[in-house]
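**Student:** coordinates only, no sequence provided:
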């Protein structure tokens, strides 16, 4: 039985834990490519394109946190970003990792006593690797 | 860190004690109280359901709550006095932050009702308490 809990999920970026971290999502997908031969009438056939991965990271906004600052700088700074490795951790020894680019940082300040949050949209450049030990 | 809701509640009561000074007598929760022949207030903290706000490494929980303060006055003299006290209570907790507590905008006073020979109204002061789990 799986015993992984969301509360054990963390995120490492460039070897630093993201502080004030709330949650992450990874969306790994492969597009369909139709391979139906001309003249076939019995049913369409398909194969899959190579994988592409996007993700989201949410946290209480804190530019004083090393990992958050590095993520924010990817979009705030106009320079060509250098992707770094992120580990989307289910636990210390079970995680998905890949080199990420931040495509969007959505900083939200709501009315009231709630914390100001930041949500990073990321694109994995290259492969996602799975570590499960 | 051990749970510190008792300490947080104590900080709220301490703020009332300091800021309210001798405006009226205060019926503290759980303490015996003899009703005076003048207006008085009764504070109570009602905690809501807590939730995990951040995971590691920060590990914050948030527990919302409402500070309810009942204001009692002698009936027959109009609502002006207790509504004035309600305003004073709102001023004490309006968007203030202390001891890990963040207060939001307090409610307006509830309609005054007469019960058991007292005219009373209630002010709700919602807040969030934040704790860090080590």
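**Tutor:** Structure received. Owing to the predicted nature of the structure, the values given are computational and were not obtained by experimental measurement.
**Student:** helix, strand, or coil at the closest residue to residue A:102 other than its chain neighbours?
**Tutor:** Excluding its sequence neighbours, the residue lying closest to residue A:102 (C-beta to C-beta, 6 or more residues apart in numbering or on different chains) is residue A:74, at 3.9 Å. C-beta: built from backbone N, CA, C; applies to glycine. Under DSSP: H, G, I helix; E, B strand; the rest coil, residue A:74 falls in the helix class.
**Student:** point out where the chain drops to low pLDDT.
**Tutor:** Unless you meant another one, I'm taking chain A. Residue ranges of chain A with pLDDT under 70: A:1-2.
**Student:** chain B is the one I meant
**Tutor:** For chain B, the stretches flagged by pLDDT under 70 are B:1.
**Student:** show me what from it comes close to chain A.
**Tutor:** Residues of chain B found near chain A (C-beta under 8 Å from any C-beta of the partner chain) are B:52-58, B:60, B:95, B:97, B:102-105, B:127-128.
**Student:** try it again with 6 Å
**Tutor:** Selection of chain B residues close to chain A by C-beta under 6 Å from any C-beta of the partner chain yields B:52, B:54, B:55, B:56, B:57, B:58, B:102, B:104, B:128.
**Student:** can you pull the contacts of the first one?
**Tutor:** Residues touching residue B:52, when contacts are defined by C-beta atoms under 6 Å, 6 or more residues apart in numbering or on different chains, comprise A:7, B:61.
**Student:** can we see that at 10 Å?
**Tutor:** A:6, A:7, A:22, A:23, B:59, B:60, B:61, B:62, B:133 (C-beta atoms under 10 Å, 6 or more residues apart in numbering or on different chains).
**Student:** quick check on the residues you listed: which are buried?
**Tutor:** A:22, A:23, B:59, B:60, B:61, B:62 (16 or more other C-beta atoms under 10 Å in any protein chain shown).
**Student:** now residue B:90, what's its secondary structure?
**Tutor:** Three-state assignment for residue B:90 (three-state DSSP): helix.
**Student:** whoops, residue B:120 was the one
**Tutor:** The three-state assignment at residue B:120 reads strand, by three-state DSSP.
**Student:** same check on the one 5 residues further on?
**Tutor:** Residue B:125 falls in the strand class when you classify it by three-state DSSP.
**Student:** quick check: it touching residue B:109?
**Tutor:** No. At 11.5 Å, residue B:125 does not count as touching residue B:109 under the criterion of C-beta atoms under 10 Å.
**Student:** shared neighbours, the two?
**Tutor:** In contact with both residue B:125 and residue B:109: B:69, B:89, B:90, using C-beta under 10 Å, 6+ apart.
**Student:** tell me the one of those residues nearest residue A:69?
**Tutor:** residue B:90 (39.1 Å; C-beta to C-beta).
**Student:** just give the nearest non-adjacent residue to the closest one, would you?
**Tutor:** Excluding the flanking residues, the one nearest residue B:90 by C-beta to C-beta, 6+ apart is residue B:106, at 4.4 Å.
**Student:** run a quick neighbour tally on that neighbour.
**Tutor:** Counted with other C-beta atoms under 10 Å in any protein chain shown, residues neighbouring residue B:106 total 24.
**Student:** residues contacting it?
**Tutor:** Here residue B:106 is in contact with B:66-67, B:69, B:86-87, B:89-96, B:123-127 (C-beta under 10 Å, 6+ apart).
**Student:** in chain B, which spans are strands?
**Tutor:** Applying DSSP state E to chain B gives strands spanning B:25-26, B:40-47, B:51-52, B:60-73, B:97-98, B:101-103, B:113-115, B:118-132.
**Student:** what does chain A have sitting close to chain B?
**Tutor:** A:5-11, A:16-24, A:58-60, A:62, A:65, A:67, A:89, A:92, A:111-115 (C-beta under 10 Å from any C-beta of the partner chain).
**Student:** so which of those belong to helices?
**Tutor:** When DSSP state H defines the helices, the subset of the residues of chain A next to chain B inside them is residue A:67.
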